[in-house]
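[1] Predicted model, plus sequence, below.
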Amino acid sequence: MRTITMISTAAALFSVGACATNSSTSDNEQDPVDCSTQTADTFTTGLDKQGVNGAVDFKLQSVDPAPSVRGNNTWVVQLSAMSAGVVGSPMDGATISASPFMPAHQHGSPITPVITATGNPGEYEITPINLWMPGVWQTTLTVTSGTADRAVYSFCVN
Ligand SMILES: [Cu+2]
């Protein structure tokens with residue numbers, strides 16, 4: 001009973017969030033979005049982002065499916081230490097989190113991704129990246145071990 005209550009409350013919150021910011025029917029959860037009109041990253045293997053603090057270099061090695069889709073996605077990212085703008089050694093044993101966010105509606109995703117080292121130097125699998133609504137999602141990858149840093153990957157899904 002308690003569990004059922006919590007689930008319906010969460011569902012209600014997401015519904016309210018989507019409706020409250022709807023200015024047109026194109027923002028509706030059910031409707032596809034024309035991603036060609038949206039500003040977002042285009043995935044290429046090794047898509048590189050330097051962390052905002054200049055301490056970590058992020059390379060998105062793969063997205064599955066590619067391109068990203070509405071629903072659950074699996075990403076692989078490689079982290080390397082960075083100093084004075086120069087990319088150094090791969091970072092093993094890093095503590096990472098990933099949080100998808102939809103800026104148009106100011107909401108996130110209810111599913112927390114699991115992050116696992118792949119065994120390749122500085123490489124981690126992140127799954128699921130849950131992009132549950134059509135539109136642009138900004139997913140922030142945050143490293144909290146060592147010098148904290150973060151980078152944002154932005155993808156449009158339908
Ligand atoms: Cu949304």
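    It's in. Quantities reported herein were computed from a predicted structural model and do not represent experimental measurements. Numbers count the residues shown, from 1 in each chain.
[2] Which residues of the protein lie near the ion?
    Applying CB under 5 Å from the ion, we find that the chain lies next to the ion at 102, 105, 133. Glycine gets a C-beta too; all of them are placed from N, C-alpha and C.
[3] Do a quick rundown of the helices in this protein.
    Listed in chain order, the helices of the chain (DSSP state H) span 2-20.
[4] The most centrally placed residue in it pairs with what?
    For the chain, residue 139 is the residue whose C-alpha lies nearest the centre (CA atoms, centre = their mean; 2.5 Å). Beta-bridge partners recorded for residue 139 (DSSP bridges): residue 100, residue 153.
[5] Adjacent strands (with direction) for the longest strand belonging to the chain?
    Taking DSSP state E as the criterion, the chain has its longest strand at strand 71-83. When pairing is defined by DSSP bridges, strand 71-83 lines up against strand 56-64 (antiparallel), strand 86-90 (antiparallel), strand 123-131 (antiparallel).
[6] Centre of the chain to it, how far?
    Relative to its chain's centre, strand 71-83 lies at 10 Å (CA atoms, centre = their mean, to the nearest Å).
[7] Quick check: the residue nearest to the centre of the chain touching residue 99?
    Yes: here residue 139 reaches residue 99: they are 6.9 Å apart, a contact under CB atoms under 8 Å.
[8] Next, the contact list for residue 54, please.
    By CB atoms under 8 Å, 6 or more residues apart in numbering, residue 54 lies in contact with 82-85, 149.
[9] Which among those count as buried?
    82, 149 (16 or more other CB atoms under 10 Å).
[10] can you name the two of the contacts of residue 54 that are farthest apart?
    For the contacts of residue 54, with distances taken as CB to CB, the pair at the greatest spread is 84 and 149 (14.2 Å).
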